[in-house]
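J.: Here's my sequence, what's the structure:
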Amino acid sequence: MKSAPGSPLWLSAPSRFAGMSVKRARRVSVLLCALFLLSLTAFFGAGPRVAGNGAGGTAGVAHGSEQTDLLLYEGIVDAMRHGEGYYPATARNLRAGDYPLRPFVTFRLPTLAVMETLLPPKVVLGLLYALVAAVVLAWYLRLREALGLPGRLFALAMLAAGLLVYVQPTLWAMHEVWAGLLVALSLALRRPGRWVDAVAVGLAAALLRETAALYLVLMSVLAWRDGARREALAWAGAVLVLAAVLVFHAVAVARVVSPLDPASPGWSGLLGFGFFLKAVAASTALSAVPMAVATPLLALALFGWTAWKDPLAVRVAAVLAGYAAVLSVFGRADTFYWALLVAPLVLMGLAFAPDGLRDLFAAMLDRRRIHVQRITR
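T.: From the prediction side, this is the model:
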């Protein structure tokens, strides 16, 4: 006989672990312990490395030039404002900064540069801040049903902690900043049966930074798993649109690159899960605290997303796990900025952790037994 779950602490409804059998609760507890032990790898190995004074090496390569990524992107936009085409301008600036030009993904998609060329800088910055505000509003509305007022306020505070990097005016040219905000907005907009806006925003993220393609794929797989065939096909269609754009992008890059141009050393850093945690910490307010504090908080936040019993939480957890795997396997010390694609979401998981922990341990330690007593007259 299971004990009745206690009243939720912050959640409006019991967590995913409420009323779980003792056996399953113990299995989940083992996985939770494994997560915390795995997070200890953050104290070893390579950490984020910034090239020069920028926000990471473009195309994932460190170099000795004083030109940083932000200067690179700003230089490309400035050249386009003076009439130069995107691909010739990018090739020239990459060579000047001693960046690799092969394979074609070392060139960012032109979407953001074209937008920044057509609009005044103040308007671009205003759009960035408007996007940040849209993310906060969308998540406030989405969490209104899931959390009571204390939990909701805490979750929004954690969202703000994850967005500190995104409101820095010097980062307006970083593709990952825009794409990460759009991924966060897309997830908040997605509801069962209401996914058109989420797909459109997700596709916009991928057209700004093609590494957001993983988000599109994961959302398609999860929709298919849930039996939402039309939604799954819509997400898959967004992937196909991105694929077509990348084909044209590759052709355009080939026209301005020669076989003598340097190639990227590849993306196989194998830095592990600890590097993912360090990359997220460096991309949020946790950069201001010691790793001894940041690491357990991040592990607890990841656990928290598994506690909220909602399809959205499953999707957020899957997206975080997907990008954690990518950074763990393919990331290098100078590609830590890939974490910007998911950094706004991570810390919000702390709002769900208290209910999850309470319900999990209550289920694991449940020793109630059924006693049968025969009453004879």
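J.: just so I have it, where are all the helices in the stretch 1-150 of the chain?
T.: 22-39, 69-81, 86-96, 111-118, 121-143, 149-163 (DSSP state H, counting those that start in this stretch).
J.: looking at those, which is closest to Leu365?
T.: Ranking the helices of the stretch 1-150 of the chain by proximity to Leu365 (Cβ to Cβ) places helix 22-39 first, at 8.2 Å. Just so you know, the C-beta spots here come from the backbone N, C-alpha and C atoms, and that holds for glycine as well.
J.: shouldn't Glu176 be in contact with Trp338?
T.: Yes: judged on Cβ atoms under 8 Å, Glu176 makes contact with Trp338 at a distance of 6.8 Å.
J.: between the helices of the stretch 1-150 of the chain, which one is nearest to Asp197?
T.: That would be helix 121-143 among those, by Cβ to Cβ, at 9.8 Å.
J.: The closest one vs helix 69-81, what angle?
T.: 120 degrees (axes from the mean of the first three to the mean of the last three Cα atoms, to 10 degrees).
J.: Give the buried residues for helix 121-143.
T.: Residues 124, 128, 131-132, 134-136, 138-139, 142-143 are the ones in helix 121-143 that count as buried (16 or more other Cβ atoms under 10 Å).
J.: Please apply the same query to stretch 20-39.
T.: Neighbour-count burial for stretch 20-39 [16+ other Cβ under 10 Å]: 20, 25, 28-29, 32, 35, 39.
J.: May I see the residues you listed organised as a markdown table, with distance to Ala79 added?
T.: Shown next, in a markdown table, are the buried residues of stretch 20-39 (distance: Cβ to Cβ, whole Å):
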| residue | distance to Ala79 |
| --- | --- |
| Met20 | 59 |
| Ala25 | 59 |
| Val28 | 54 |
| Ser29 | 57 |
| Leu32 | 51 |
| Leu35 | 46 |
| Ser39 | 44 |
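J.: mind giving me CSV with those residues and columns for distance to Asp359 and pLDDT?
T.: Below are the buried residues of stretch 20-39 laid out as CSV (distance: Cβ to Cβ, whole Å; pLDDT from 0 to 100):
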residue, distance to Asp359, pLDDT
Met20, 7, 90
Ala25, 9, 93
Val28, 10, 94
Ser29, 12, 93
Leu32, 12, 94
Leu35, 17, 94
Ser39, 22, 92
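J.: which residues do Glu176 and Trp338 both contact?
T.: Thr211 (Cβ atoms under 8 Å, 6 or more residues apart in numbering).
J.: re the thing from before, return the member of the buried residues of helix 121-143 nearest to His249.
T.: Distances from His249 to these, taken by Cβ to Cβ, are shortest for Val124, at 21.9 Å.
J.: Please tell me how far that closest one sits from Tyr337.
T.: To Tyr337, Val124 is 19 Å away according to Cβ to Cβ, to the nearest Å.
J.: Low-confidence ranges, the stretch 151-300 of the chain, go.
T.: 267 (pLDDT under 70).
J.: Also the stretch 1-150 of the chain?
T.: For the stretch 1-150 of the chain (pLDDT under 70), the answer is 1-6, 46-47, 49-67.
J.: hang on, the earlier thing: I'd like a version of the helices of the stretch 1-150 of the chain in JSON lines, one that adds distance to Asp261 as further columns.
T.: JSON lines is the format used below for the helices of the stretch 1-150 of the chain (distance: least, Cβ to Cβ, whole Å):
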{"stretch": "helix 22-39", "distance to Asp261": "39"}
{"stretch": "helix 69-81", "distance to Asp261": "15"}
{"stretch": "helix 86-96", "distance to Asp261": "7"}
{"stretch": "helix 111-118", "distance to Asp261": "20"}
{"stretch": "helix 121-143", "distance to Asp261": "30"}
{"stretch": "helix 149-163", "distance to Asp261": "37"}
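J.: I'd like to know which of these lies nearest to Thr306.
T.: helix 22-39 (8.4 Å).
J.: quick one: the closest one to chain centroid distance?
T.: In terms of Cα atoms, centre = their mean, to the nearest Å, the centre of helix 22-39 is found 23 Å from the chain centre.
J.: List the contacts of that helix.
T.: Residues contacting helix 22-39 (Cβ under 8 Å, 6+ apart): 17, 20, 273-274, 277, 295-296, 298-299, 302-303, 360-361, 363-364, 366.
J.: ok, 6 Å please
T.: 273, 277, 295, 299, 303, 360, 363-364, 366 (Cβ atoms under 6 Å, 6 or more residues apart in numbering).
J.: In strands only, show me those residues.
T.: Judged by DSSP state E, these include no members of strands.
J.: and of the residues you listed, the nearest to Pro8?
T.: Taking the contacts of helix 22-39 together and measuring to Pro8 by Cβ to Cβ, the closest member is Leu360, at 13.5 Å.
J.: contacting residues around the closest residue to the closest one other than its chain neighbours?
T.: Once flanking residues are discounted, Leu360 sits nearest to Phe17: 4.2 Å by Cβ to Cβ, 6 or more residues apart in numbering. Residues near Phe17 by Cβ under 6 Å, 6+ apart: 356, 359-360, 363.
J.: Which of the helices of the stretch 1-150 of the chain sits closest to Val239?
T.: That would be helix 111-118 among those, by Cβ to Cβ, at 16.4 Å.
J.: Can you give me the distance of Ala363 to Trp305?
T.: 19 Å.
J.: of the two, who's got more company?
T.: Trp305 (27 against 23; other Cβ atoms under 10 Å).
J.: so who does that one touch?
T.: With Cβ under 6 Å, 6+ apart, Trp305 has these contacts: 313, 316-317, 349.
J.: which one of the residues you listed sits closest to Ala243?
T.: Using Cβ to Cβ, the contacts of Trp305 come closest to Ala243 at Val316, 24.9 Å.
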